[in-house]
Structure formats: structure tokens, C-alpha cells
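Undergrad: With the input below, show me the fold.
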Amino acid sequence: MGIDVTDEGPMTKDVEIMLGSPKKAVIKMAGPITVAIFASSINGLIDAAWISGLGPNALSAIGLLFPLFFITVGVSSGISVGASAAIARHIGAGSKDNAERTASAALTLSVVTALIFSVSMLIIARPLMMVIGGADVIDECMDYANVLFIFATAFFINTLMSSFLRSEGSARRSMIVMVTSALLNLVLDPIFIYSSDGIFGFGLGLGMAGAALATAVSIIISTIPAFYWFFVKKDTYIRLRVGRPHFDRAISKDIFRVGIPASVEYVAISVAVLIMNMILVTTALGTETVAIYSSGWRIFNIVMIPSLAIGAAVVPICAAAYGGRDVVKAKQAFMYSLRISTITMTALAVLLYIGADIMSRMFTYTDDMEHLHGEITQFIRISCIFLPFVGFGIMSSSLFQSFGMGTKALISTTFRNFVSIPVAFVISLNGTLVDIWWGTAFMEIIGPAVVLVWCLLILRMLVRREAPGPART
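TA: Numbers count the residues shown, from 1 in each chain. Take a look at the predicted model:
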């Protein structure tokens with residue numbers, strides 16, 4: 001089923017690829033997106049590695065703050081994912097004008113939402129940290145959190161611009177934006193964190209606040225190329241026009257239909273992490289257990305990048321196919337993505353199990369952290385068993401988003417993230433920390449498997465609905 005969008009302007013090469021062969025499009029987009037997500041994840045990993053040099057309290061603070069940071073990512077990504085899916089559907093349907101109107105509306109919505117979010121989080125961050133057991137490290141938590149939320153608007157705009165680029169198949173340019181941010185953060189972190197008389201012999205000595213400020217400055221600078229492509233060079237398929245009407249009820253509804261559930265997905269994940277942290281702090285070994293858990297998951301977040309990248313590619317590719325009324329093509333892209341994700345994650349799980357001892361050294365290179373080395377290594381090795389199955393949930397949620405089924409995506413993400421919480425709590429009452437790791441690992445397999453079955457049933461129904469009926473005689 002062909003899709004022609006040339007009536008409203010010439011297609012870019014990236015758009016042609018996105019609308020072409022689904023297998024080729026997945027590979028072409030997943031590669032740059034892998035690099036881009038890796039670069040983004042490196043920001044957090046670099047912060048954790050440098051901050052661990054400030055001692056276990058600092059690393060524990062980062063672990064406790066992770067859910068709040070993830071909420072920031074979620075709210076900004078919610079609008080971005082909703083806009084990206086809507087834009088791609090309009091491109092697939094041949095409506096370039098609607099795609100551009102959606103992008104302009106999303107930009108305004110993102111800025112307004114960011115300002116409201118920033119003020120709200122600055123108010124509630126401190127009491128929330130106290131509630132979840134962060135009293136011992138509250139100063140470290142707030143030094144980082146205050147800077148993070150002051151610069152939240154810059155983070156929102158950066159996320160949205162990258163999303164615009166991916167929605168038109170320009171994964172390479174999106175990669176440039178995110179890689180630039182990571183490289184800058186790599187350089188600025190030690191300068192902002194440590195003082196001139198510290199271990200590096202130079203720096204501003206801002207500690208935790210310096211780590212957050214380095215990330216904020218990196219994000220601001222890395223957004224400049226995106227503004228150049230959209231507003232100066234103007235060689236993107238989508239043209240952002242500041243003078244266009246920004247608020248349109250139908251467009252906003254289309255964005256929020258996926259965007260709000262997508263944001264709530266991240267909030268749900270953050271709440272799940274908060275609850276897990278509370279279980280570990282109150283029933284296990286205290287804040288050091290959070291350091292083990294959060295450090296291990298920082299490794300997993302890096303290892304899972306290929307699957308996350310494939311899932312990110314699925315959204316615009318399947319959205320464009322769905323907008324062009326070609327569910328069969330969307331199914332081909334989904335099944336191919338699921339297959340390569342499973343193969344890739346199985347191979348990475350084996351490699352991580354072998355190299356777990358080396359990977360845990362990133363967080364235990366100081367004398368204060370050395371005693372946690374064995375426990376972090378053990379957590380990583382146990383949890384490797386669920387890695388081959390992570391793509392089941394990621395691909396299913398991505399397909400729901402691409403079809404505009406935001407609520408289904410929310411349900412699937414919430415289920416697979418909360419399913420391990422009751423198991424962890426029950427085990428924590430009488431079991432050991434190792435028992436908790438095994439229990440949660442098995443539930444990380446069951447959750448995505450259930451979600452995949454649900455997704456395949458819905459996809460099968462849509463394909464049957466699209467199939468032509470028997471010929472009339």
C-alpha cells in the first residue's frame with residue numbers, strides 16, 4: 001500500500017526510509033537511536049560515577065532521587081511521545097500541514113507544562129525525600145534536586161526537539177543532539193563537582209549541585225543544533241512556525257491521547273521504584289541497599305538500550321503505517337523488532353553475567369564503597385535472567401503508542417513494573433536480600449510476557465479488521 005506525501009512538499013530521504021520497507025526502516029532508525037539513548041543514559045551513569053567519589057551518602061542520595069528524575073523525564077517525554085506519534089501518523093496519512101500544526105502546538109504545550117512542573121517539584125521535593133527515608137542524606141538530595149528542577153524547561157525543550165526529528169525519521173540528527181549533551185557532561189562533571197584542591201587539581205567545588213548544573217548546561221548547549229536545523233537552515237520536513245496558532249482543541253487532544261498516559265507511565269515506574277526503595281530501606285539493610293539496587297539498575301538501563309532504541313523506532317514507523325491505513329505493515333515492523341530485540345538482549349545478558357564483576361567497579365572504586373562490590377555484582381548476575389524478555393513489554397507499549405492507544409500502553413507499563421512489588425514485600429518479611437533479587441527477577445519475566453500476549457491479540461484483531469472480505473458474486 002503506497003503512501004504519497006509529495007502533494008504538500010518534497011519528502012526528505014529520512015521520510016522516504018520511514019515510509020518504505022519496515023525492516024529497513026527499523027534497522028536504519030534503531031542504530032542512531034541506540035547511540036542517542038546510550039549517550040543520554042551515559043549522563044546519569046557519569047553523574048553516578050563521579051558522585052560516588054563524594055562518598056556513599058552522595059550515591060545513596062542519587063538512588064533516592066532517581067524516581068524524581070525519572071518523573072521529570074516522564075512528563076517531558078509524555079508530550080514528546082504523544083506529539084511524535086501524532087506527527088508520524090499525519091505524515092503517513094499524507095497531511096504535512098497537520099503534522100506541522102501538531103509540532104507547533106506541542107512546543108507551546110511543552111514550555112507551559114515545564115514551567116508548572118518546575119515550580120511544583122521545587123515545592124514538594126524535600127518533604128517527599130523525607131517521607132521515603134532520605135533524612136540522613138537530605139542535604140545531598142536537595143543540592144542536586146533544586147538545580148535539576150530550576151532548569152527543567154531546558155530539559156523539556158531538548159527532549160521535544162529530539163522527538164520532532166525522530167518523528168520524521170531523522171534519527172541521525174536526534175543522535176547528534178543527545179551525543180553532544182553526553183560529551184559535554186563528561187567534560188563538565190569533574191570541573192563542576194570537585195574543587196581545585198581535590199583529586200583533579202581544578203574545579204568549582206560545587207559537589208552535588210555541580211553535577212546537576214553540569215547536566216543542565218550540557219542540555220542547553222546541545223539543543224542549539226536542533227534550533228538551527230528547524231529555524232535557521234530550515235531543511236527539515238516539518239517546519240516549526242512560531243506565528244502559527246498554538247492552541248487547537250483537536251490537536252491537543254491528539255497529543256494528549258498518548259502523551260498523558262505516556263507521562264503517567266513514567267510516573268508509575270517512578271512510584272514503583274520509590275516503593276521498592278522504601279521496602280529496601282525499611283526491611284533490609286537501609287540506604288546502602290538502595291545504593292546496591294540503584295547502581296545495578298544503572299547498569300541494566302545501559303544494557304537495555306538496544307531494546308529501548310528498537311522500541312523508539314517502532315513508534316514513528318508503525319504510527320506512519322497506521323496513519324496510512326496499513327496495519328499489516330505495522331505488524332511486520334513490530335514482529336521484526338521483537339525478534340531482533342530478543343536475540344540482542346540474550347547475547348548482552350550472557351556478556352553482562354560474565355563481566356558483572358568489572359561493571360560493578362564503576363561504583364566501588366573508592367575505599368568507602370569497596371565493601372559493596374560483591375553485593376552489587378551478585379545483584380547484577382541474578383537479574384541477568386530477565387534481560388532477554390524486556391523487549392516483550394517495550395515493543396508492546398511502543399506499538400500501543402503508535403496506534404494512539406495511550407491507555408493500553410499505560411496499563412501494560414504499569415502492570416509489568418508493579419507486578420514485582422508485592423513479591424518483593426512478601427519476601428522481605430522473612431527472606432534474605434538475595435531472595436528479593438530472585439523474586440523480582442522472575443516477576444520481570446512474567447510481567448512482559450503477559451503484556452505481549454495481550455498486544456498480539458489486539459494486533460491480530462486489527463489485522464483481521466483490515467483484511468478484505470470475500471469477493472461478492
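Undergrad: ok, for the residue positioned nearest the centre of the chain, nearest residue in space, not its chain neighbours?
TA: Residue closest to the mean C-alpha point of the chain, counted by Cα atoms, centre = their mean, is residue 73 at 6.9 Å. Excluding its sequence neighbours, the residue lying closest to residue 73 (Cβ to Cβ, 6 or more residues apart in numbering) is residue 266, at 6.0 Å. From N, CA and C alone the C-beta is placed, and that goes for glycine too.
Undergrad: about what we covered before: and the residue nearest to the centre of the chain, what's its pLDDT?
TA: On pLDDT, residue 73 comes in at 80.
Undergrad: what's the offset of whichever strand or helix holds it from the middle of its chain?
TA: Following DSSP states H and E, one finds residue 73 within helix 56-92. Using Cα atoms, centre = their mean, to the nearest Å, the distance from the centre of helix 56-92 to the centre of the chain it belongs to is 6 Å.
Undergrad: State the next helix or strand along the chain beyond it.
TA: Next in sequence after helix 56-92, counting helices and strands by DSSP H and E, comes helix 96-131.
Undergrad: what comes up buried for that next one?
TA: 96, 98-107, 109-110, 113-114, 117-118, 121-122, 125, 128-129 (16 or more other Cβ atoms under 10 Å).
Undergrad: Beyond that helix, next helix or strand please.
TA: As assigned by DSSP H and E, the chain's next helix or strand after helix 96-131 is helix 138-150.
Undergrad: buried residues in that next one?
TA: Quick answer for helix 138-150 (16+ other Cβ under 10 Å): 140, 141, 142, 143, 144, 145, 146, 147, 148, 149, 150.
Undergrad: Show me which of those is closest to residue 390.
TA: Set against residue 390, the nearest of these by Cβ to Cβ is residue 148 (26.8 Å).
Undergrad: Could you report the distance from the closest one to residue 213?
TA: From residue 148 over to residue 213 the distance is 9 Å, taken as Cβ to Cβ, to the nearest Å.
Undergrad: now residue 281
TA: As judged by Cβ to Cβ, residue 281 and residue 213 stand 28 Å apart.
Undergrad: ditto for residue 296
TA: For residue 296, the distance to residue 213 equals 27 Å [Cβ to Cβ].
Undergrad: So for those two, which residue has more residues nearby?
TA: Just comparing residue 296 and residue 213: by other Cβ atoms under 10 Å the higher neighbour count belongs to residue 296, 24 against 21.
Undergrad: hmm, back to that, quick one, phi psi at the residue nearest to residue 73?
TA: Backbone torsions for residue 266, taken as degrees, to the nearest 10, come to phi -70, psi -40.
Undergrad: which residues touch it?
TA: Shown in contact with residue 266 (Cβ atoms under 8 Å, 6 or more residues apart in numbering): 70, 71, 73, 74, 75, 77, 78.
Undergrad: Grab the nearest non-local neighbour of the fourth one.
TA: Closest residue in space to residue 74, ignoring its immediate chain neighbours: residue 266 at 1.9 Å, by Cβ to Cβ, 6+ apart.
Undergrad: Tell me, what's the model's pLDDT at that neighbour?
TA: 74.
Undergrad: related to what we said a few turns ago, from the buried residues of helix 138-150, which single one is nearest residue 399?
TA: Using Cβ to Cβ, residue 148 is the member of the buried residues of helix 138-150 that lies nearest residue 399, at 31.8 Å.
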